[in-house]
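Undergrad: what's the 3D shape of this:
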Amino acid sequence: MSVINLTQTETLAIKSIDERQLDKQIDLAMREENLEVLPREVLLKAGDHIGTQLRSFQDALSRYKQAKSAQNRENKFSEVHRYGHRLLFAVRQMKDRVETEEKQRQLFYIDDNVYPPFRFTNDLTATVSYRWRERGEDEWIFGQTTFRHRVTRDHSYLLTKPKRKLSAAKQARLNENELVSTWEGMVSTILCTLRDYFGEGGDGNAIPENFLLKVDRSGRLNNFSARFWDDQHVKKNAPSGEVQ
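TA: Model prediction:
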């Protein structure tokens with residue numbers, strides 16, 4: 001699943017959008033109550049963030065067109081204007097993100113297409129590949145790290161307790177679905193942690209090949225679970241013979 005990197009299609013679409021022209025097109029769409037003046041195909045290719053704002057603008061414009069009374073139309077027009085501004089702002093945000101990603105890729109790249117395990121168990125793992133270098137003229141250094149999270153029954157936040165007893169098959173499916181959800185959240189945390197680590201100038205040589213994710217007191221993962229450079233945690237919690 002792609003988490004931290006824009007796809008090539010999204011990047012090209014975002015770059016192709018002219019902000020000034022889009023501002024005029026949004027204004028024209030409101031005045032003429034006509035969505036056809038918008039470059040909807042390009043906006044939808046530009047990713048979920050822009051696509052969501054486009055759909056919100058379209059819905060608001062539809063409500064404005066259906067309004068009858070003068071007061072209601074005035075209120076709905078203000079709503080359309082607000083969503084139009086959000087759409088334009090979303091485009092500006094994504095253009096900034098494209099610029100940031102292109103700068104970062106001169107020094108590091110993290111592959112966010114992380115493959116799920118063949119079978120989900122309480123011992124969840126995720127292997128992430130990346131490359132990095134200190135300067136743009138240096139050769140790439142390639143790395144790979146496996147992160148692990150042990151789901152414990154003592155902290156049964158994964159297990160939903162239904163009002164009526166479920167069949168063994170249904171309970172197994174429920175448990176697996178929630179393990180999948182936990183794994184996806186775990187991967188997102190790992191990828192964001194690595195991106196921020198490299199973005200702040202972190203040394204790729206310092207990343208361990210294996211790391212057991214940290215949990216809070218309730219047994220849950222949080223935004224700090226993948227901070228492998230936390231020496232205090234490593235010294236205090238690493239079992240004998242285990243690399244973290």
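Undergrad: lowest confidence element among the helices and strands of this structure?
TA: Scoring the helices and strands of the chain by mean pLDDT, DSSP states H and E places helix 231-237 at the bottom, with a mean of 45.
Undergrad: quick one: average confidence on the longest helix seen in the chain?
TA: Using DSSP state H to assign secondary structure, the helix with the most residues in the chain is helix 70-104. For helix 70-104, the mean per-residue pLDDT is 95.
Undergrad: For that helix, which helices and strands make contact with it?
TA: With contacts defined as 3 or more Cβ pairs under 8 Å, 6 or more residues apart in numbering; DSSP states H and E, helix 70-104 has these neighbours: helix 8-16, helix 19-32, helix 48-66, helix 168-199. Using the backbone N, CA and C atoms, a C-beta is placed for each residue, glycine as well.
Undergrad: what angle sits between the longest one and helix 70-104?
TA: For helix 168-199 against helix 70-104, the angle by axes from the mean of the first three to the mean of the last three Cα atoms, to 10 degrees is 60 degrees.
Undergrad: What residues sit buried inside helix 168-199?
TA: Taking 16 or more other Cβ atoms under 10 Å as the basis for neighbour counts, the residues of helix 168-199 that come out buried are 175, 178-179, 182-183, 186-195, 197-198.
Undergrad: mind listing what residue 12 touches?
TA: The contact partners of residue 12, by Cβ atoms under 8 Å, 6 or more residues apart in numbering, come to residue 45.
Undergrad: any idea how far residue 27 is from it?
TA: For residue 12, the distance to residue 27 (Cβ to Cβ, to the nearest Å) stands at 26 Å.
Undergrad: What of residue 203?
TA: When distances are taken as Cβ to Cβ, residue 203 and residue 27 turn out to be 49 Å apart.
Undergrad: what do you get for residue 41?
TA: Summarising the geometry, the distance separating residue 41 from residue 27, computed by Cβ to Cβ, is 20 Å.
Undergrad: Pick out whichever of these two has more residues nearby.
TA: Set residue 41 next to residue 27 and count neighbours by other Cβ atoms under 10 Å: residue 27 wins out with 14 against 9.
Undergrad: confidence score at the more buried one?
TA: Residue 27 is given a pLDDT of 96.
Undergrad: Skip the chain neighbours and tell me the closest residue to it.
TA: Using Cβ to Cβ, 6 or more residues apart in numbering and skipping the chain neighbours, the partner closest in space to residue 27 is residue 84 (7.5 Å).
Undergrad: Run through the residues that contact that neighbour.
TA: Under the criterion of Cβ under 8 Å, 6+ apart, the contact list for residue 84 reads 26, 27, 29, 30, 57.
Undergrad: try 7 Å this time
TA: For residue 84, the contacting residues are 26, 30, 57, taking Cβ atoms under 7 Å, 6 or more residues apart in numbering as the criterion.
Undergrad: Same check on residue 26?
TA: For residue 26, the contact set (Cβ under 7 Å, 6+ apart) comprises 84, 87, 88.
Undergrad: Format those as a markdown table; extra columns: distance to residue 36.
TA: Formatted as a markdown table, these follow (distance: Cβ to Cβ, whole Å):
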| residue | distance to residue 36 |
| --- | --- |
| 84 | 15 |
| 87 | 16 |
| 88 | 18 |
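Undergrad: just these now: which is nearest residue 137?
TA: residue 88 (38.2 Å; Cβ to Cβ).
Undergrad: Perfect, that will be all.
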